[in-house]
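Engineer: Build me a model:
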Amino acid sequence: MSISFSKIAVLAVLSSAVAITTGCATKRSTSEVVVAPLGIPGGQVGYTGAVIADNPTAVVAGADSLQAVVYFAFDSSEITPQAASVLNQHVSLLNSNPAAGVVIAGHTDERGSREYNMALGERRAQAARDYLAAQGVTANNIRVISYGEERPAAAGNTEAAYAQNRRAELSY
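Structural biologist: Sure thing, here's the model as predicted:
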């Protein structure tokens, strides 16, 4: 009895080891997008819109005077004229400081599935990145994160709260 139990235990350990080493290979992503509802990996766990890019003090001080939030219509990632106006301020700052980096975090309201909202938040952040890049900002200096519905700016099930949550935030 003990011999068959030992064989079963050894086989279970070996099969677990094989499953762990072969079944858990990670695939490197070529995307620059980070989907991080629980925080930025290796960075701040509790994203609050605070500084999360390594920039000189002058760049951070310049960014403090700019509006850092771009708003979107329901179920949209289209850059509106109001959003373009905000982003143009950042274009000036980034083009005058070519080594500066910016992180754009995409957010959504709570309507829709978690997966859909993560993808929509990503599209919003990428739309802001694409706009900045089209204006001459170095694309390699722009990181994109999607939080989806995970980090609302406003609570409640009102249109006013939903409108505040449909956004992309720029952080330096």
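Engineer: What residues sit buried inside stretch 90-99?
Structural biologist: 90-91, 93-94, 97 (16 or more other C-beta atoms under 10 Å). Any C-beta I mention is one placed from the backbone N, CA and C, and that applies to glycine too.
Engineer: which one of the residues you listed is nearest E150?
Structural biologist: Distances from those to E150 were compared by C-beta to C-beta; the smallest belongs to H90, at 23.8 Å.
Engineer: what's the host helix or strand of that closest one packed up against?
Structural biologist: Taking DSSP states H and E as the criterion, H90 maps to helix 81-96. If contacts are counted by 3 or more C-beta pairs under 8 Å, 6 or more residues apart in numbering; DSSP states H and E, helix 81-96 sits against helix 57-64, strand 69-71, helix 114-134.
Engineer: can you put these in JSON lines and add mean pLDDT?
Structural biologist: Compiled in JSON lines, these are given as follows (pLDDT from 0 to 100):
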{"stretch": "helix 57-64", "mean pLDDT": "89"}
{"stretch": "strand 69-71", "mean pLDDT": "97"}
{"stretch": "helix 114-134", "mean pLDDT": "98"}
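Engineer: I'd like the ones you listed written out as a markdown table, with distance to R151 added.
Structural biologist: Written out in a markdown table, the entries for the helices and strands packed on helix 81-96 read as follows (distance: least, C-beta to C-beta, whole Å):
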| stretch | distance to R151 |
| --- | --- |
| helix 57-64 | 20 |
| strand 69-71 | 12 |
| helix 114-134 | 9 |
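Engineer: now those in CSV, with mean neighbour count and distance to E159?
Structural biologist: As requested, the helices and strands packed on helix 81-96 are arranged in CSV below (neighbours: other C-beta atoms under 10 Å; distance: least, C-beta to C-beta, whole Å):
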stretch, mean neighbour count, distance to E159
helix 57-64, 15, 30
strand 69-71, 19, 13
helix 114-134, 21, 17
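Engineer: Can you tell me which of these is nearest to S85?
Structural biologist: With C-beta to C-beta, the closest approach to S85 among the helices and strands packed on helix 81-96 belongs to strand 69-71: 9.4 Å.
Engineer: Compute the inter-axis angle for the helix holding H90 and helix 57-64.
Structural biologist: The directions of helix 81-96 and helix 57-64 differ by 170 degrees, with axes from the mean of the first three to the mean of the last three C-alpha atoms, to 10 degrees as the criterion.
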